[in-house]
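> What follows is a protein structure lacking sequence information:
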């Protein structure tokens, strides 16, 4: 779920104005670091991490749609859909033990990196606003 917003970002960017696209590009790293900081804080608060694991299971699925044919006399004949076994992916969320001290150190490093990224993103944001002024 946490990555859903990141997956939808390209779709939103396609509908965005040129200024919005420029701002999204200029602040991409900052948003990624913010997400990692939030995840690290949640892990420390819980005392463990939650990881998503994708596995596969065999399921009976439709592998060919029904076929409709017409006989020479005009009668309609429907052949049923063909089913077969296939490997279908599924994702589960499971707890994972973490080194809390290492997680705290990583979180501190991410917060320092965020300050640096915010400082460098500021001029880029201003440049985007100058190049692509908002029109109402």
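The structure has been received and is ready for your questions. Quantities reported herein were computed from a predicted structural model and do not represent experimental measurements. Numbering: from 1, shown residues only.
> make it CA atoms for all contacts and neighbour counts henceforth
Fine.
> Just checking: what are the partner strands of whatever helix or strand residue 89 lives in?
Using DSSP states H and E, residue 89 sits in strand 82-96. If you go by DSSP bridges, strand 82-96 pairs up with strand 49-64 (antiparallel).
> looking at the chain, which helix or strand is least sure?
In the chain, no helix or strand scores lower on mean pLDDT, DSSP states H and E than helix 4-15, which sits at a mean of 59.
> Let me know the average pLDDT across the very next helix or strand once past it.
Next in sequence after helix 4-15, counting helices and strands by DSSP H and E, comes helix 18-26. When pLDDT is averaged over helix 18-26, the result is 90.
> And the contacts of helix 18-26?
13, 121, 124, 125, 128, 129, 131, 132, 133, 134 (C-alpha atoms under 8 Å, 6 or more residues apart in numbering).
> Spatially, and excluding backbone neighbours, which residue is closest to the fourth one.
On the basis of C-alpha to C-alpha, 6 or more residues apart in numbering, the spatially nearest residue to residue 125 that is not a chain neighbour turns out to be residue 23, at 5.9 Å.
> Give me the angle between the longest helix anywhere in the chain and strand 49-64.
Secondary structure assigned by DSSP state H gives helix 100-131 as the longest helix of the chain. With axes from the mean of the first three to the mean of the last three C-alpha atoms, to 10 degrees as the basis, helix 100-131 and strand 49-64 are set at 70 degrees to each other.
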